[in-house]
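> with the sequence up front, the predicted model follows.
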Amino acid sequence: MSRDLWDPAVYGRYADERARPFFDLVNRIAAPGPARVVDAGCGTGELTAQLAGRWPDARVHGFDSSPAMIAKAPAGGSVTFSVDDVTRWRPETPVDVIVSNAVLHWVPGHRELLPRWVEALAPSGWLAFQVPGNFDAPSHALVRELCLTTWRDRLGDLAPGSPVDDPAGYLDLLTGLGCRVDAWETTYLHVLPGEDAVLGWITGTALRPMLDRLDPGESARFLADCAASLRTAYPPGPYGTVFPFRRIFVVARK
């Protein structure tokens, strides 16, 4: 990407909802006392700090490719942070636990990355990651349709397909590398407040590449088109807008 797309304030708008899959993932890691724990693609680092609480004797390090995200990471304490890219990261010594939360779907060819991460693990080390599995949901299908029709000339090459595998695919890959694998999926029913709530959610994630390309006037028109489509697919109720969100989880032990 040509520049830093990530706005921590926009991404953090639904911090509680985005954090829940992280805890569901980490709770399935049965590492008793890891010495080195890495959070690959840590964002603003608040969840990385939770790993230090889980394993207080471990050296915990988080990295992210976005300088804006790392700039918001908590200072001090036992956790360290750096700017790095998941595709280039190489640990100097073997790692006991690698966690990657909602990152790998941004990495084309990430299936080729996973064997390298398994190799980076210490004996009996753990690799745990989760990715969105909702790329066929209206939140993405309607945006894809807009990119391929109304906005084809500007955004046709950015139409968001499905960049992730299903749980069985990841299980097959990682068992083939000699790991014991626990893979599953969960659909969360997030209840989002406010007007055009689903648009607000995807503005911080799925729409970032489109908004990066468009000038301010174009961005406003594109967001208005997205909002009109999404209102029909996700009508608000008296208690908020229900947003079903499928997630794919994988925990592998070397």
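Okay, I see it. Numbering: from 1, shown residues only.
> which residues of the chain fall in helices?
In the chain, the helices defined using DSSP state H lie at 8-11, 15-26, 46-54, 67-71, 110-120, 138-148, 152-155, 167-175, 197-203, 208-213, 216-233.
> look up how far residue 23 lies from the residue most central in space within the chain.
The centroid of the chain falls nearest to residue 102 when counting by CA atoms, centre = their mean (1.6 Å). Going from residue 102 to residue 23 by CB to CB, to the nearest Å gives 13 Å. For the C-beta atoms, the positions are set from N, CA and C on the backbone; glycine is no exception.
> pull up the gap between residue 188 and residue 202, please.
Going from residue 188 to residue 202 by CB to CB gives 15 Å.
> repeat for residue 84
Distance from residue 84 to residue 202, by CB to CB: 26 Å.
> now do residue 45
23 Å.
> so the two - more neighbours on which side?
Taking neighbours as other CB atoms under 10 Å, residue 45 and residue 202 compare with residue 45 leading, 23 against 19.
> okay, now the closest residue in space to the more buried one that isn't next to it in sequence: neighbour count?
Using CB to CB, 6 or more residues apart in numbering and skipping residues adjacent in sequence, the residue nearest residue 45 is residue 73, 3.2 Å away. Residues within reach of residue 73, counting by other CB under 10 Å, total 21.
> for residue 73, report the pLDDT, please.
On pLDDT, residue 73 comes in at 90.
> is it correct that it is in contact with residue 47?
No: counting by CB atoms under 8 Å, residue 73 stays clear of residue 47, with 10.5 Å between them.
> residue 55 contacts residue 31, doesn't it?
Yes: proximity of residue 55 to residue 31 meets the contact threshold set by CB under 8 Å, at 7.3 Å.
> give me the common contacts of these two.
Shared contacts of residue 55 and residue 31 (CB atoms under 8 Å, 6 or more residues apart in numbering): residue 97.
> picking up where we left off before, got a list of what the residue nearest to the centre of the chain touches?
Contacts of residue 102 (CB under 8 Å, 6+ apart): 18, 21, 22, 41, 130, 131, 132.
> correct me, but residue 155 touches residue 147?
Yes: between residue 155 and residue 147 there is a contact under CB under 8 Å: 4.3 Å.
> so what sits against both of those two?
By CB under 8 Å, 6+ apart, the residues touching both residue 155 and residue 147 are residue 210.
> tell me which residue lies farthest from the centre of the chain.
Farthest-from-centroid check, the chain (CA atoms, centre = their mean): residue 238, 29.5 Å.
> just the pLDDT at that residue, thanks.
93.
> one more: residue 16?
Residue 16 is assigned a predicted lDDT (pLDDT) of 82.
> so how far is residue 214 from it?
Distance, residue 16 to residue 214, using CB to CB: 30 Å.
> the more surrounded of those two?
residue 214 (17 against 8).
> pull the contacting residues for the more buried one.
So residue 214 contacts 154, 155, 222 (CB under 8 Å, 6+ apart).
> wouldn't residue 236 be in contact with residue 197 here?
Yes: using CB under 8 Å, residue 236 makes contact with residue 197 at a distance of 7.1 Å.
> between these two, who's got more neighbours?
Neighbours were counted for residue 236 and for residue 197 using other CB under 10 Å; residue 197 has more, 21 against 16.
> which one is the more buried one nearest to, not counting chain neighbours?
Residue 197 sits nearest to residue 241 (CB to CB, 6+ apart), 4.2 Å away.
> and the one you found, how far from residue 141?
Taking CB to CB as the measure, residue 241 falls 17 Å from residue 141.
> over to residue 70?
33 Å.
> so which of those two has more stuff around it?
More crowded of residue 70 and residue 141, by other CB under 10 Å: residue 70, with 20 against 15.
> what's near enough to touch the more buried one?
42, 44, 45, 63, 64, 81, 82, 83.
> what is the neighbour count of the fourth one?
I take that to be residue 63. Neighbours of residue 63 (other CB under 10 Å): 22.
> would you put the C-alpha positions of stretch 47-61 in PDB?
Output of stretch 47-61 as PDB, limited to C-alpha atoms (Å, rounded to 0.1, in the frame of the first residue of the first chain):
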ATOM      1  CA  LEU A  47      -4.800  -6.500  23.300                       C
ATOM      2  CA  THR A  48      -1.000  -7.200  23.200                       C
ATOM      3  CA  ALA A  49      -0.900  -6.000  26.800                       C
ATOM      4  CA  GLN A  50      -3.500  -8.600  27.600                       C
ATOM      5  CA  LEU A  51      -1.100 -11.300  26.600                       C
ATOM      6  CA  ALA A  52       1.400 -10.000  29.200                       C
ATOM      7  CA  GLY A  53      -1.400 -10.400  31.700                       C
ATOM      8  CA  ARG A  54      -2.000 -13.900  30.600                       C
ATOM      9  CA  TRP A  55       1.700 -14.800  30.700                       C
ATOM     10  CA  PRO A  56       3.300 -12.400  33.100                       C
ATOM     11  CA  ASP A  57       6.800 -14.000  33.000                       C
ATOM     12  CA  ALA A  58       7.000 -13.900  29.200                       C
ATOM     13  CA  ARG A  59       8.700 -11.400  27.000                       C
ATOM     14  CA  VAL A  60       5.800 -10.100  24.900                       C
ATOM     15  CA  HIS A  61       6.400  -8.100  21.700                       C
END
